[in-house]
Structure formats: structure tokens, C-alpha cells
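**Q** I need the structure of the sequence given here:
(one chain, ligands or ions: 1)
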Amino acid sequence: MPVRTPPRRHQRPAAAPNPTVGTELELEVTGVAHGGVMVARHEGRVVFVSDAIPGERVRARVTEAKKSFWRADTLEVLEASPHRQPHVWAEASLDRDPEGRAGGAEFGHIELAHQRELKRQVVADALARFARVDAGGLEVQALDGDDDSSGTGWRTRVRLQVAADGTVGPYAARSHTVIPVRSLPLAAEAIAEIAPLATRFGDAASVDLVAPSGGRALTVVTTRDGSRPPAEAITERVGDREFALDALGFWQVHLRAAQTLTTAVQRAIDADAFDPRAANLDLYGGVGLLAAAVGDRFGQATRITSVESSEPATDFAARNLSDWVGARALTARVEHFVKGLAENATALERGRQRAATVVLDPPRSGAGRAVVDELVRTGPAQVIYVACDPVAFARDAALFGDAGYGIRSLEAFDLFPNTHHVELVAHLTRD
Ligand SMILES: C[S@@+](CC[C@H](N)C(=O)[O-])C[C@H]1O[C@@H](n2cnc3c(N)ncnc32)[C@H](O)[C@@H]1O
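**A** Alright, predicted model coming up:
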């Protein structure tokens, strides 16, 4: 008797192709959503549309059809927004079929001032929805020197992908198709100069281009088996200060982001609530940029512990913070570091924890409940939260809110022009 092998638990039967995918719709675009897409409705269902602007009527092709929402790509603009502009990157424009549009500049068809207004709406909506906070008066600020209208020439890090035939380029939006391009308009000049856009790379998987402020731009090729040349140390300058780090280690991407965040964090800290002898923390510290911002404002004796999961980054942080007698750098995952921090502290340490200023700069996923719960148990005097994802921030702000910490000030910066990303710096204290 033939025996049918039951499918393994993780093997799902192949889904039948959804007949809705590929259909074309006319859509009225009514709003902006998190993630660089706009909102429309079709027969009551939400459709997330790329390459559109609120107020437009577009013809779009459905690319994904889930029960609760669909996704669609704009093919043609039937009624254009007054805020539409020619795309800053020809290879990402509507002139191309959606599958052939370069990804990474998903707001490039929108005037810069209006991009900032849409980012403001996303932040305000996330804070209202998740944290019941009214951020109506917020403004998304241009960085000093970014007040021209193009929003180009700012990226100091670019990763190009390599296709099977060796050609290089960015991926198309939401896909792993490599799109050959003739230019990289968002890249800093030093990167544009070395970008090997016409080169064919045999065995490579990706090509990283890095333009540090303290030296020449460099290219790092990663092969298909994941190997790359030994990490090269580079130097980044922020004001008079120098930071050493690995060429591919984390660093703020915009030419002037590190300076902007340094001054924003310094401005956000309430000096009256700051105690240099407290158990001050720089969580998700990287190579020590924000610990240095705190030390530069409050002096060399400031006690601050920078916690970071990457060992090479922590080694560099220890070097970069060696001016400050009170600074130390620890390699640890933040969720492990904060676990039991309050419970295991002596009475003296508890006092220092309660007097602490905590700088929190997590990756896009946010800090999350495990970290926030343990942190609020230590009862810090103030938290400076640096966020690169408004929804993750709003969720964490809600957790802080439940523990009695409210947002006292909030600044938003356009650290990523022509993309949907936005950076926030918030000051939270106990009510
Ligand atoms: C947004 S970056 C901020 C770095 C630094 N504050 C700066 O501005 O240069 C986040 C950092 O957190 C680190 N990281 C990610 N997950 C972590 C975790 N669970 N615990 C500790 N560090 C983590 C990353 O390696 C990265 O350096």
C-alpha cells in the first residue's frame, strides 16, 4: 500500500497563486503609512501603495494580496500631487517597470519639505496610536547644511549587491533583484567617486563603500562564502574629537549625523537632573559616540558605562573614551546587562541607579519590553532615547509611560533625506 509521507511541520503546502496579484486598480491615495508606502482603499480594504503621494489618483498593480491588506506599485499617476517632483534618481523613477526601479530612495519623487511633513505625520500617528502622546507640534528638522532642495550627497556608507552575472547595484525595493545603475545620488561625493558601477565582480556577494570623515574612501568586497579582507580601522571626526572604528562597524550614515545627534543628546539632558557620580549608562553604545557626548558636556570625571554587543566596537569604544576617567565600555547584550540590575544592587548602587541618566540608542527593532521593564526598575532620573524607528519608539514610549516615565521633549531630524526614515531624540523622566 502506498504510504504518503505527512508534510514536515515546517513545510507548508505551496499556496495557490493569488489571482488578485497582478491586477491593476485605480486608487485614491489618502495618507502615508510607516515604511515608505502610502495608504489607499479598494472596496474597503487597505492597499499600501509605493511611489505615490497622498492626494494623488494613480493606476497601480497589486503585488501582494493578504486577507487584511494588499500592496501595490504605482504604474501611472492620473492626478499628480503639487508636491511631486522628478525623481532624484532616474533609475528609481516611474519611467521604469516597478521590478526595475532601484530601491533605497522611496521618497525621491516627493519635494523635500513635503517628505518632512509626511515623516512628521508618521511620527505623530505612531505616538498617538501606541503611546497616546500628542506630538502635533513636532517639526522634522533638516540638518545644518541640508537646507537645499535636493537631499542628495549625504550617504557615507553604501552597500552594493552583486548579481549572478557579476554586475553591481542596489536591490530593487522589497526584492533581491540587483538593479545596475549609472549613479548613486544619495551618496557622498567621495563615494560617488570610487563607486565601481561599471565593474563586474566574479565571486563577490556585496561591495561596501565607506567614506570616513577622517581619511580616504574605501571599498570592501565580501565574497559569496562570506570572506573579506581583514577589517581596516578608520577614523571619524566629530568636532575636535576622533573616533576609531572598523570600516564596516556601525557609524551614523549621514555626513553630519554624528554631530547632529551629539548636540541633540547634549541639549536633551536636563543638567539639573544630571549627576556625574551616578551609574550613568550609554546603552547600545557602538564605539562610544553618545557616551562621549555626555562626557564632553559634563566633564572627564563623569561616570558612564557604554554597553554594546559587538566586541570589536567595544574595544574601539574603550579606546575612544580613554580621555574620561569615569568611562568604561562593556561587551554585552543590553537585555542581559540590565537583567536583575536593580535586584542585585547594593543600597549604594541603588542610589546611583536612581540618580542615573540613561542614553538608549537601540537598533530599528527598539529596546523592547525585556529591556524597558528592567531599566525602569532601576528608576533612572532621566532617559535620553535616540530612535531610528518611530513605531518601535512609540511602543517603547508606551512601556515607559506605563511605568510613569513621560516624554518631556522630542526632536525629529531628517537624517535620511529621500528615504522614509527619520531619527528622534526624546527626553523621558518620571511624572
Ligand atoms: C543604532 S546603533 C547606535 C550606536 C551608537 N549609539 C552610535 O550612535 O554610534 C545600535 C548599536 O547597538 C548594537 N546592538 C544591537 N543589538 C544589541 C543588543 N541586543 N545589545 C547590545 N548592543 C546591541 C549594534 O551593534 C549597534 O552598534
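
**Q** drop to CA atoms for contacts and neighbour counts, all remaining ones
**A** Fine.

**Q** who in the stretch 301-431 of the chain is up against the ligand?
**A** Applying CA under 6 Å from any ligand atom, we find that the stretch 301-431 of the chain lies next to the ligand at Glu308, Ser309, Ser310, Ala332, Arg333, Val334, Asp361, Pro362, Pro363.

**Q** I'd like to know which of these are buried.
**A** Buried subset of those (neighbour count, 16 or more other CA atoms under 10 Å): Glu308, Ser309, Ser310, Ala332, Val334, Asp361, Pro362.

**Q** neighbours around the residue of the stretch 1-150 of the chain found nearest the ligand, how many?
**A** Closest to the ligand within the stretch 1-150 of the chain is Leu143: 16.0 Å, counting by CA to the nearest ligand atom. Residues lying near Leu143 (other CA atoms under 10 Å) number 18.

**Q** Redo the residues of the stretch 301-431 of the chain next to the ligand as CSV? Include secondary structure and pLDDT.
**A** Below are these laid out as CSV (DSSP: H, G, I helix; E, B strand; the rest coil; pLDDT from 0 to 100):
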residue, secondary structure, pLDDT
Glu308, strand, 98
Ser309, coil, 98
Ser310, coil, 98
Ala332, coil, 98
Arg333, coil, 98
Val334, helix, 98
Asp361, coil, 98
Pro362, coil, 98
Pro363, coil, 97
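
**Q** Nearest to Arg59 among the residues you listed?
**A** Distance to Arg59 across those (CA to CA) is lowest for Pro363, with 35.7 Å.

**Q** measure the residue nearest to the closest one when sequence neighbours are not counted to Val253 for me?
**A** Spatially, and ignoring its direct neighbours in sequence, Pro363 is nearest to Cys388 (7.2 Å; CA to CA, 6 or more residues apart in numbering). According to CA to CA, to the nearest Å, Cys388 and Val253 sit 12 Å apart.

**Q** picking that back up, around the residue nearest to Pro363, count how many other residues there are.
**A** 22.

**Q** Please give the element, helix or strand, for Ala293.
**A** Secondary structure assignment for Ala293, by DSSP states H and E: helix 289-298.

**Q** what packs against that helix?
**A** Helix 289-298 is packed against helix 257-268, strand 280-283, strand 304-308, with contacts defined by 3 or more CA pairs under 8 Å, 6 or more residues apart in numbering; DSSP states H and E.

**Q** Against Asp208, how distant is the spatially most central residue of the chain?
**A** For the chain, the residue sitting closest to the mean C-alpha position, by CA atoms, centre = their mean, is Cys388 at 4.1 Å. Going from Cys388 to Asp208 by CA to CA gives 22 Å.

**Q** And Gly151, by the same measure?
**A** The gap separating Gly151 from Asp208 is 22 Å, by CA to CA.

**Q** The helix of greatest length in the chain: which residues count as buried?
**A** Secondary structure assigned by DSSP state H gives helix 112-131 as the longest helix of the chain. Applying a neighbour-count criterion of 16+ other CA under 10 Å, one finds 112-113, 115-116, 118-127, 130-131 buried in helix 112-131.

**Q** next one: stretch 400-413
**A** Result for stretch 400-413 [16+ other CA under 10 Å]: buried residues Phe400, Gly401, Ala403, Tyr405, Gly406, Ile407, Leu410, Glu411, Ala412, Phe413.

**Q** Need the three-state assignment for Glu28.
**A** Counting by DSSP: H, G, I helix; E, B strand; the rest coil, the backbone at Glu28 sits in strand.

**Q** which residues does it contact?
**A** Applying CA atoms under 8 Å, 6 or more residues apart in numbering to Glu28 gives the contacts Ala40, Arg41, Gly55, Glu56, Arg57, Val58.

**Q** if you set the cut-off to 6 Å instead, what comes out?
**A** By CA atoms under 6 Å, 6 or more residues apart in numbering, Glu28 lies in contact with Ala40, Arg57.

**Q** go on, the one 4 residues further on?
**A** Contacts for Val32 (CA under 6 Å, 6+ apart) come out as Met38, Val39.

**Q** next one: phi and psi at it?
**A** Dihedral pair for Val32: phi -120, psi 140, per degrees, to the nearest 10.

**Q** Can you give me the pLDDT of it?
**A** On the pLDDT scale, Val32 is placed at 98.

**Q** That one bridge partners, please.
**A** Applying DSSP bridges to Val32 yields these beta-bridge partners: Met38.

**Q** picking up where we left off before, in a helix, that's where the residue of the stretch 1-150 of the chain closest to the ligand is, yeah?
**A** No - secondary structure of Leu143 (three-state DSSP): coil, not part of a helix.

**Q** Tell me the secondary structure of Val372, please.
**A** Looking at Val372 with three-state DSSP, the answer is helix.
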